[in-house]
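**Q** return a 3D structure for these sequence lines:
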Amino acid sequence: MEYTVYNLLEDLCWMSGMLFAAKVLRSKVKWFQNHYIPSSVIAGFMGLLAGPQIAGAVKWSSQAGSYPYLFTCILFAGLFLGKKEKINVKSIFAKVGDTFFINTASEILCFGIALFLGGAIVMLLFPDIFPQISLLLPAGFAGGHGYAAAIGGALNKQLNREDAVYIGQVFATIGLLTGLLGGIACINIAAKKGATRLVKEAKKLPKECRTGLIPEVKRSSMGSETVHPMSMDPLAWHVSLILVATGIGYAAEQLLDTVFPELGFPLMCLTMLAGMAVQFVLNRMRYSEYVDKKVIDRCGSCITDYLVAFGVATIKLSVIAQFWKPIVVLCIIGIAWPLMIVFVVGKKLFHNFWFERSIFIFGYLTGIVAVGITLLRCVDPEMKSETLDDFGLAYTLQSVIEVFLVAGIPGITVGFGCLPSGMVLCVAGIVMLFLCGRIYGVYKMPMNELRKGEMEKIQ
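**A** Residues are numbered from 1 along each chain as shown. Just a heads-up that it's a prediction; the model follows:
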C-alpha cells in the first residue's frame, strides 16, 4: 500500500497514545518508578507488543522503522543551535582536565574495544555475520537510540543492508535497561563498601523523579519567549530553525550523493553542520540572543522520546532471532568496560568523589546522559560532588570530538576494517588515560578513604 501523510499521522497518534498510557503507568507502578524506567521505553514495548509482529492490534506503517533515523537527523540539527559560549580549551583543562580525559577516553575506548575485541570475536565465532555489527554495540550503548539509528543508517547505506538500524535499536534498548538496573546494583555494592561519599545507602530519588509528575511548587520554566507571539509563535520560531538546518543538511546530502555517488555522506552529520552554519548566520545577524537554548533542548528532548519509542516498537524480532548469539556476546563486552570504569579506572584517576563521577559515566556509557544523571542523583542528591557541572564544562570540548567520531566511524570501519579501526581508537583512548594519570596523578588509596576536597563538601 502506498505510504501517505495520513500514515504518518496515524503512526504518531498511536505512539502518542502509548506515551500517554506509559506516563500513567510510570506514575502508578512502583517497579517502573523504583528502577526509573523511562516512559518512552515503556511506550516502545507497548508498541512492539501491540504491533503486527505479536498482537497485531496496531498496524505500523511501512515507514515506521525509518522514523528513528529521521528523528536523529532532526535532533542533530539542533545540537549547536543556541550555543553562544566559546570553547576555551585552557580553562577546561585547568578546571576539569581529569573529567575531560576520563570521559572522552571512556567513550573512545567503548568504540575501540567493541570494534577490536568484539570484531575479532565475531569474525572468529560467527564468520557468516557481518563484522561491522560490533560497531552497533557502542552505537547503542554509548549513544543510545539516536546514535544507534545514525550509525545503523550509515552502515545500511554503505553496506547495502536493511537491518543495521534494527540491530542498533536492540543494543540501545538493552544498554538503557542495563544502565538503570546495573547502575543501581553498582551503587548498592559501593555503598556497602563505603565508597559512596554523600549517602550511606542507595536512596530513591525525590517522588517527582520517580512518578514523573512535578508538583506546582517545584515546577520551572521550559524556556523564554524570545520573539513576540503577535509576529510569530516563540515555539514555531525555534522549531523552524531546527527544520531549516535539517532541510539544508538534506539538500546538501542530495547534492553530494549526485556529485559523489560512490561516497555515503551521513545525513545526521550534514544536518549538524547545517545547524552550526545557521547559528553562525544568527550570530552575524545579531539574532543569537533571540534563540533560547532551553527551548531548543526541549524540542530535542521531545524528538528523543518519540525516537526511543519508535526505536523499540519497530525492533524486528526476526533480526533478534537471526543475530541473538553475537548480540549476547557483544553485550557482555559492552557491560564489562563500563564496570571497569566504575571500579578500576575511575577509582585510580578521579581526583575526588571518584565513585559519584564513575557511576555517572557508567550511566551514559550504557544508556544516555539522562541515565547517568539518574544514577548520580541516587548517590549525590544535592549535587555536592559537582560532577554534573564538571561534565558540562568538559563536554563543550568533548561533544565536538564525539559528534565527529560518530559521524566518521561508520565510513572508517567499512573502509579500513573493524580491527585496524578498533586498534587506533584503543590506542587513542589509552593515551588519554595515560596523560590523565601523568598530569593529574594516580590514586592508590582504598576506595573508602577520603580524598582532597571531599570532607569540606560532605560536612
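**Q** Provide a list of residues in contact with Y3.
**A** S61, S62, Q63 (CB atoms under 8 Å, 6 or more residues apart in numbering). No exception for glycine: its C-beta is placed from N, CA and C like everyone else's.
**Q** number of residues surrounding the closest residue to P52 other than its chain neighbours?
**A** Excluding its sequence neighbours, the residue lying closest to P52 (CB to CB, 6 or more residues apart in numbering) is K59, at 5.9 Å. Per other CB atoms under 10 Å, the neighbour tally for K59 reads 15.
**Q** by neighbours, which of the contacts of Y3 wins?
**A** When neighbours are counted by other CB under 10 Å, S61 leads the contacts of Y3 with 18 neighbours.
**Q** which strand or helix spans the residue nearest to A313 when sequence neighbours are not counted?
**A** Distance criterion CB to CB, 6+ apart; nearest residue to A313, sequence neighbours excluded, is G47 at 2.8 Å. Element membership of G47, judged by DSSP states H and E, is helix 39-50.
**Q** quick check: buried residues in that helix?
**A** S39, S40, V41, I42, A43, G44, F45, M46, G47, L48, A50 (16 or more other CB atoms under 10 Å).
**Q** list every C-alpha atom in it, with coordinates, as CSV.
**A** Provided in CSV are the C-alpha atoms of helix 39-50 (Å, rounded to 0.1, in the frame of the first residue of the first chain):
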residue,chain,number,x,y,z
SER,A,39,8.1,6.3,29.7
SER,A,40,9.4,6.3,26.2
VAL,A,41,10.8,2.8,26.7
ILE,A,42,7.6,1.6,28.2
ALA,A,43,5.7,3.0,25.3
GLY,A,44,8.1,1.4,22.9
PHE,A,45,7.5,-2.1,24.4
MET,A,46,3.8,-1.4,24.3
GLY,A,47,4.1,-0.6,20.6
LEU,A,48,6.2,-3.8,20.0
LEU,A,49,3.6,-6.0,21.8
ALA,A,50,0.6,-4.4,20.1
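**Q** following that helix, which helix or strand comes up?
**A** Sequence order places helix 67-77 as the next helix or strand after helix 39-50, per DSSP H and E.
**Q** any idea of the mean pLDDT for that following helix?
**A** On average, the pLDDT along helix 67-77 is 85.
**Q** stretch 124-133 now?
**A** For stretch 124-133, the mean confidence score works out to 94.
**Q** how about residues contacting that stretch?
**A** Taking CB under 8 Å, 6+ apart as the rule, stretch 124-133 contacts 119, 122-123, 155, 159, 161, 164, 167, 323, 325-326, 329-330, 410, 413-414, 417-418.
**Q** make it 7 Å
**A** G119, V122, M123, L155, L159, I167, F323, K325, P326, T413, V414, C418 (CB atoms under 7 Å, 6 or more residues apart in numbering).
**Q** and for stretch 275-289?
**A** Under CB under 7 Å, 6+ apart, the answer for stretch 275-289 is A77, G78, L79, F80, L81, K83, K84, L241, V244, A245, I248, V291.
**Q** buried stuff in it?
**A** Neighbour-count burial for stretch 275-289 [16+ other CB under 10 Å]: G275, M276, V278, Q279, L282, S288.
**Q** contacts only, for E10.
**A** E10 neighbours (CB under 7 Å, 6+ apart): S61.
**Q** hang on, I meant A139
**A** By CB under 7 Å, 6+ apart, the neighbours of A139 are Y147, A148, I151, G152, G168, F171.
**Q** in strands, which of the residues you listed fall?
**A** Judged by DSSP state E, the subset of those located in strands is empty.
**Q** looking at the residues you listed, which is nearest T387?
**A** Y147 (22.3 Å; CB to CB).
**Q** the closest one touches V406, doesn't it?
**A** Yes: the pair Y147 / V406 is scored as a contact, 5.5 Å apart, by CB atoms under 7 Å.
**Q** returning to what we had before: now, among the contacts of A139, which is nearest to F434?
**A** Of the contacts of A139, the one sitting nearest to F434 (CB to CB) turns out to be Y147, at 26.6 Å.
**Q** circling back: want to throw the buried residues of helix 39-50 into a markdown table with distance to D389 and pLDDT?
**A** What follows is the buried residues of helix 39-50, written out as a markdown table (distance: CB to CB, whole Å; pLDDT from 0 to 100):
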| residue | distance to D389 | pLDDT |
| --- | --- | --- |
| S39 | 27 | 89 |
| S40 | 27 | 88 |
| V41 | 28 | 87 |
| I42 | 31 | 92 |
| A43 | 32 | 94 |
| G44 | 32 | 91 |
| F45 | 34 | 92 |
| M46 | 37 | 96 |
| G47 | 37 | 95 |
| L48 | 38 | 92 |
| A50 | 42 | 95 |
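**Q** which of these sits closest to C209?
**A** Nearest member of the buried residues of helix 39-50 to C209, counting by CB to CB, is S39, at 12.7 Å.
**Q** OK, contacts around that closest one?
**A** L19, A22, K23, R26, G212.
**Q** hmm, 8 Å instead?
**A** By CB under 8 Å, 6+ apart, the contact list for S39 reads L19, A22, K23, L25, R26, G212, D305.
**Q** the host helix or strand of the second one vs helix 39-50, what angle?
**A** With the criterion set as DSSP H and E, the secondary-structure element containing A22 is helix 5-28. Angle of helix 5-28 versus helix 39-50, following axes from the mean of the first three to the mean of the last three CA atoms, to 10 degrees, is 120 degrees.
**Q** could you dump the helix or strand following helix 5-28 to CSV, C-alpha only?
**A** Proceeding N to C from helix 5-28, the next assigned helix or strand is helix 30-34, under DSSP H and E. Taking C-alpha atoms only, helix 30-34 is exported to CSV below (Å, rounded to 0.1, in the frame of the first residue of the first chain):
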residue,chain,number,x,y,z
LYS,A,30,6.2,1.0,41.7
TRP,A,31,8.6,-1.3,39.8
PHE,A,32,8.8,1.2,37.0
GLN,A,33,9.4,4.0,39.5
ASN,A,34,12.0,2.2,41.6
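**Q** pull the distance from helix 30-34 to the chain's centre.
**A** What separates the centre of helix 30-34 from the centre of its chain is 22 Å, taken as CA atoms, centre = their mean, to the nearest Å.
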